[in-house]
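Visitor: I would like to see how this sequence folds:
(4 chains, ligands or ions: 4)
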Protein chains: 2
Amino acid sequence: MVSKAFKPVPASEIPDEISGLRMTRQRQHIYRILLQHRDHPTANDVFMRIKDTLPNLSLATVYTCLDAMVKHGIIRQVNFDRGPSRFCPNLAEHGHFHDVTTGIIHDVQFRPGIHLADVLDLPPGAIIKNVEFTLRGQLS
Amino acid sequence: MVSKAFKPVPASEIPDEISGLRMTRQRQHIYRILLQHRDHPTANDVFMRIKDTLPNLSLATVYTCLDAMVKHGIIRQVNFDRGPSRFCPNLAEHGHFHDVTTGIIHDVQFRPGIHLADVLDLPPGAIIKNVEFTLRGQLS
DNA sequence: GCCGATATCAAGAATTATTCCAGTTATCGC
DNA sequence: GCGATAACTGGAATAATTCTTGATATCGGC
Ligand SMILES: [Mn+2]
Ligand SMILES: [Mn+2]
Ligand SMILES: [Zn+2]
Ligand SMILES: [Zn+2]
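Guide: Residues are numbered from 1 along each chain as shown, chains lettered A, B, ... in the order given. Ligands and ions are numbered 1, 2, ... in the order given. Reported below is the predicted structural model:
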């Protein structure tokens, strides 16, 4: 049950600015961690994974870097119930399927051409800015 | 901008047991608060609304009563991002539309006959136990 | 109605994720 | 290089929630 790993991204391949956010050394490393292993890590997971390469990065900085990237639309913050926030570099409209037996979180998309708003009974005049959905279950 | 109020439910109309959970005086009052004003209050909202009738109810008890009712499937716990949990007595499959201009949370249902799993690209073999969705936006 | 067993409750302490703060360091434009 | 600004660090503070411990209430059997 190996979770999907992506090819490591050398620091040189991450530009020094994305969507108007200066990509400092800390932000580049954090972003690379998210791209390499897309398992929706928490801020603390990121912190532990990065300790070897940046030994004096502080957890507060991990939080503020993640927050800055979320605010600039570079990554997304994902919440499951009351658990710690998780982070995801997949910017496509998608939701999450949480496999409760393995703990693995899978990205899930709508079938082509379908939008959530089309299948819902919305209050008249509703303008949707943002959609989030989560499924919990297992893989048989 | 009056939010929907429901007819007050006298204590006598709430049975002394629901789905195997003994409905103590505290639980009855809390449940009645949820039924009367279905605006998805937080535990603290419930606590403040109940203070006049049960002046020595503790906030910890509000939390444990709500949790007991959630565990017994009498009410549902709803989370928006990292905000405090909110509680909802609507047991039908539904999601939430958060109007960001008024702060009001509307219940939203699927159009008849539609299920979220039917419109998604799920991993093969996925068995869905639970679905949650949230929309953010405004009413024009 | 009384009694021990069990469930529930109250009040405050503890926990956990996250944010704030104050001082230091890095980067930018000139 | 220099002052201004942004970013970073480490520790303290915060907020929602849970835990703990000791009281109360309720239950079933007598
Ligand atoms: Mn986290
Ligand atoms: Mn709450
Ligand atoms: Zn994702
Ligand atoms: Zn609801």
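Visitor: so whichever residue of chain A sits closest to ligand 2 is in which element?
Guide: Nearest to ligand 2 in chain A, going by CB to the ion, is A:R82, at a distance of 10.0 Å. (C-beta placed from N, C-alpha, C; glycine too.) If you go by DSSP states H and E, A:R82 is not part of any helix or strand.
Visitor: quick check: it touching B:R86?
Guide: No - with contacts counted by CB atoms under 8 Å, A:R82 stays clear of B:R86, the gap being 11.6 Å.
Visitor: higher neighbour count, those two?
Guide: B:R86 (19 against 10; other CB atoms under 10 Å in any protein chain shown).
Visitor: who's the spatially most central residue of chain A bridged to?
Guide: Centre of chain A computed as the mean C-alpha position; nearest residue by CA atoms, centre = their mean is A:C88, 1.0 Å away. On the basis of DSSP bridges, A:C88 is bridged to A:R76.
Visitor: phi, psi of the closest residue to DNA strand D within chain A?
Guide: At 2.8 Å from DNA strand D, A:T61 is the closest residue in chain A, using CB to the nearest atom of the strand. Backbone torsions for A:T61, taken as degrees, to the nearest 10, come to phi -70, psi -40.
Visitor: name the nearest residue to it, sequence neighbours excluded.
Guide: The shortest distance from A:T61 to any residue other than its chain neighbours is 5.8 Å, reached at A:Q26 (CB to CB, 6 or more residues apart in numbering or on different chains).
Visitor: can you tell me how far that neighbour is from A:I75?
Guide: 14 Å (CB to CB, to the nearest Å).
Visitor: out of these two, which sits in the busier spot?
Guide: Using other CB under 10 Å as the criterion, A:Q26 and A:I75 rank with A:I75 on top: 23 against 16.
Visitor: what's near enough to touch A:L91?
Guide: A:G73, A:I75, A:R76 (CB atoms under 8 Å, 6 or more residues apart in numbering or on different chains).
Visitor: care to break chain A down by domain?
Guide: A:11-88, A:95-137 (automatic domain parsing).
Visitor: is DNA strand C contacted by the longest one?
Guide: Yes - Domain A:11-88 lies within reach of DNA strand C by CB under 7 Å from any atom of the strand, at A:16, A:22, A:24-25, A:42-44, A:59-60, A:63, A:67, A:83-85.
Visitor: least confident pick among these?
Guide: When the residues of domain A:11-88 next to DNA strand C are compared by pLDDT, A:D16 scores lowest at 92.
Visitor: contacts only, for the closest residue to that residue other than its chain neighbours.
Guide: The shortest distance from A:D16 to any residue other than its chain neighbours is 5.2 Å, reached at A:M23 (CB to CB, 6+ apart). Counting by CB under 8 Å, 6+ apart, A:M23 makes contact with A:I14, A:P15, A:D16, A:E17, A:Y31.
Visitor: and the third one, how far from A:V9?
Guide: From A:D16 over to A:V9 the distance is 14 Å, taken as CB to CB.
Visitor: in terms of neighbours, single out the busier of those two.
Guide: A:V9 (15 against 11).
Visitor: name the SS class of the residue lying farthest from the centre of chain A, please.
Guide: The C-alpha centroid of chain A is most remote from A:P124, which lies 32.0 Å away (CA atoms, centre = their mean). Assigned by DSSP: H, G, I helix; E, B strand; the rest coil, the conformation of A:P124 is coil.
Visitor: per-residue pLDDT, it?
Guide: A:P124 is assigned 93 on the pLDDT scale.
Visitor: what's the answer for the one 5 residues further on, then?
Guide: At A:K129, the pLDDT value in this model is 93.
Visitor: and it, what is it in contact with?
Guide: B:V100, B:R136, B:G137, B:Q138 are the contacts of A:K129 under CB under 8 Å, 6+ apart.
Visitor: cool, and A:Q26?
Guide: A:L54, A:L57, A:T61, A:C65.
Visitor: is it true that A:I128 lies in a strand?
Guide: Yes - assessed with three-state DSSP, A:I128 lies in a strand.
Visitor: from chain A, which residue is nearest to ligand 3?
Guide: Counting by CB to the ion, chain A gets nearest ligand 3 through A:C88, at 3.4 Å.
Visitor: so that residue is in contact with A:H40, correct?
Guide: Yes - using CB under 8 Å, A:C88 makes contact with A:H40 at a distance of 5.4 Å.
Visitor: between these two, which contacts overlap?
Guide: A:V78.
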